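# sequence first, predicted coordinates after that:
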Amino acid sequence: MNIQTARQQHVLQLEKMGFKVSKGLPVNRPRVAEVDHRLLARRLLAQKLVFGYVAVGEDQLSFAKIQNCINVNILGGFFTESEKKMVMKERGQAHRDHVDAVGWMLENMLGLSWVFGSKILDDVGLAMCGGEHAKRLLLADTPNVNCEIDAWVAASRRRPTQEVVVKEDYYYCWHNAARNIVHGGLANPTDLPGPVLVGLVQERRHALTFALSSCHWDETDLST
């Protein structure tokens, strides 16, 4: 499906859901020619390790395993500065300070794992990732902390770049529509508070836009 046709379908689909996409939203935006799956998988694993350090106990995921995974897979350059600060804290303190915030990383991981064939992003809808979805994401649809990342990438069901382009455009449109609710005063067709709706869509969109960008995670263009 070409992006022009996809855009028309995305606007119509969102309208049926009660969302309004701004007219004139750019269609042909700068994107990489091909998704770098090796890079993307390392970012996915880095986020999983940060989430594990903050939200999971030492008895379930030891710091030694985290360190070994980082060293084996050369992940040092795939953490953001804020994430580095989290894992530099004593683990109990990191949990107390950041356990609520790292929940948003699950939304990022939904988008990143989708590129490798996961179906959770499509299943979860507008619910925040938690419960069985989170369990499936962390245990089955993301790299295991004991694995060699390139072998995991090779065995994954990697989606073609054009499929990622189409999915990213949908979330780009949805992100715009959600912001129109918060900043433009449009009716909210969901039960979610406006800022939560924007955050939910934005974090998933961040992952998909990053997959098509040649930049560091924090430099991803999330404008709408």
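Sure, I can see it.
# neighbours of the nearest residue to Cys69 once chain neighbours are set aside, how many?
Nearest non-adjacent residue to Cys69, counting by Cβ to Cβ, 6 or more residues apart in numbering: Val145, 4.6 Å away. For the C-beta atoms, the positions are set from N, CA and C on the backbone; glycine is no exception. Using other Cβ atoms under 10 Å, Val145 has 18 other residues around it.
# and for Glu168?
25.
# show me what the helix or strand where it lies is packed up against.
Per DSSP states H and E: Glu168 is located in helix 161-184. When contacts are defined as 3 or more Cβ pairs under 8 Å, 6 or more residues apart in numbering; DSSP states H and E, helix 161-184 packs onto helix 3-16, helix 103-115, helix 194-211.
# redo that, cut-off 6 Å
When contacts are defined as 3 or more Cβ pairs under 6 Å, 6 or more residues apart in numbering; DSSP states H and E, helix 161-184 sits against helix 3-16, helix 194-211.
# CA atoms of the shortest one as PDB?
Okay, so that is helix 3-16. The C-alpha coordinates for helix 3-16 follow below in PDB (Å, rounded to 0.1, in the frame of the first residue of the first chain):
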ATOM      1  CA  ILE A   3       1.500   6.100   1.700                       C
ATOM      2  CA  GLN A   4      -1.000   8.400   0.000                       C
ATOM      3  CA  THR A   5      -3.600   5.600   0.000                       C
ATOM      4  CA  ALA A   6      -2.700   4.600   3.600                       C
ATOM      5  CA  ARG A   7      -3.200   8.200   4.800                       C
ATOM      6  CA  GLN A   8      -6.700   8.400   3.400                       C
ATOM      7  CA  GLN A   9      -7.600   5.200   5.100                       C
ATOM      8  CA  HIS A  10      -6.000   6.300   8.400                       C
ATOM      9  CA  VAL A  11      -8.000   9.600   8.400                       C
ATOM     10  CA  LEU A  12     -11.200   7.800   7.700                       C
ATOM     11  CA  GLN A  13     -10.600   5.100  10.300                       C
ATOM     12  CA  LEU A  14      -9.800   7.700  13.000                       C
ATOM     13  CA  GLU A  15     -12.900   9.700  12.000                       C
ATOM     14  CA  LYS A  16     -15.000   6.600  12.600                       C
END
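# what lies in contact with that helix?
Residues outside helix 3-16 that contact it (Cβ atoms under 6 Å, 6 or more residues apart in numbering) are Val21, Val27, Val166, Asp169, Tyr170, Cys173, Ala177.
# okay, now the third one: neighbour count?
Okay, so that is Val166. Here the number of neighbours of Val166 (other Cβ under 10 Å) works out to 19.
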